[in-house]
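[1] Below: sequence and its predicted model.
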Amino acid sequence: VAAGLCPVAFGTQTIGSVIRPAAFCGIVGYKPSFGRISTDGVIPLSESVDHVGVFTQDTAGLSLVSPLLCDSWRTLPAPTEMPTIGVPEGAYLEQASDVALDAFEDHLDALIAAGYDVVRVDAMSDIDAVNERHQRLVAADAAVAHEDWYREYGERYAEETSELITEGLEATMETVAVGRRSRGALRRDLTDLMGEREIDLWIAPAAPGPAPEGIDSTGDPILNLPWTHSGLPTVTVPASKTGEGLPLGVQFAGHLGADEDVLRWSHGISDALSD
């Protein structure tokens, strides 16, 4: 998609595998509300948090393809008012690098200059616990989904996947229950804060920094994790580039099921960041 060889591509996200690579490549990525795009036919990793998402070259392409993919899509008029944007201050944002945070402040300044109301809110102070619950849930789900295959073909699995499944094989049903309850609890916390502070969208860096050099790592999805864990619809758009020319993106998330609002607001946010 980034090279212009095709206008749209599918991806799956269990932590950050749509939003993060889209940001690294300077394109648009969309992770829908949990369950809004069917996962039928997808080999599961974690049925509790697996999402099917898409990559497009711009937000216009996202608007074209999303109604064809999302369940019960509603066609809404173009927005007449700008959304209020919330910045989740504290431990969550502190997971980003200085490079990402410095650029993020510039991105916020650009949005404010364009007329957006940006509200800073203390949020997700327990992000370390959320991260751990998500990891344990994914491991447990992966073990359930892959146990039979893994016992027969374990040597063919990638090392990291093998370690994940091995961890999950030792998990209890309580681990799964705690992880699944955590999804709803985080969603309620974020939604309650949105209501209290009249926030329409959360915004954050799309990754802790630019794409890592080489092919040994695909980067860290940690900043994508809470939006996946909570199931909230999330879009990333290109925001700027580092001094070395590497793309940086911002991600923004809205209310569960309000994908239409997130997408229609994405055009203005993208325009403000590209000026």
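    Sure, I can see it. Residues are numbered from 1 along each chain as shown.

[2] my guess is Phe55 is in a strand, correct?
    Yes. Under DSSP: H, G, I helix; E, B strand; the rest coil, Phe55 sits within a strand.

[3] Relative to Arg36, how far out is it?
    From Phe55 over to Arg36 the distance is 16 Å, taken as Cβ to Cβ, to the nearest Å. Using the backbone N, CA and C atoms, a C-beta is placed for each residue, glycine as well.

[4] Among the two, which residue is more densely surrounded?
    Phe55 (25 against 21; other Cβ atoms under 10 Å).

[5] Pretty sure that one sits against Ile19.
    No. With contact defined as Cβ atoms under 8 Å, Phe55 does not count as touching Ile19 (9.9 Å).

[6] Mutual contacts of those two, please.
    Gly29 (Cβ atoms under 8 Å, 6 or more residues apart in numbering).

[7] and stretch 91-99, which residues are buried?
    Residues of stretch 91-99 classed as buried: 92-93, 95-96, 99 (neighbour count, 16 or more other Cβ atoms under 10 Å).

[8] outside of that stretch, which residues touch it?
    Residues outside stretch 91-99 that contact it (Cβ under 8 Å, 6+ apart) are 87, 101, 104, 123-128, 204-205, 207-210, 222-223, 226, 242.

[9] Then stretch 204-220?
    By Cβ under 8 Å, 6+ apart, stretch 204-220 touches 16-17, 19-25, 29, 87-88, 92-93, 95-97, 99-101, 103-104, 221-224, 236, 239, 242, 244, 246-252.

[10] Where does pLDDT dip in the protein?
    Along the chain, the model assigns pLDDT under 70 to residues 275.

[11] ok, Lys241 - contacts?
    26, 247-248.

[12] how about the nearest residue to the residue most central in space within the chain, chain neighbours excluded?
    Taking Cα atoms, centre = their mean, the centroid of the chain lies closest to Asn224, which sits 4.2 Å from it. Excluding its sequence neighbours, the residue lying closest to Asn224 (Cβ to Cβ, 6 or more residues apart in numbering) is Gly16, at 2.9 Å.

[13] what helix or strand is the one you found on?
    Here Gly16 is covered by no helix or strand, with elements defined by DSSP states H and E.
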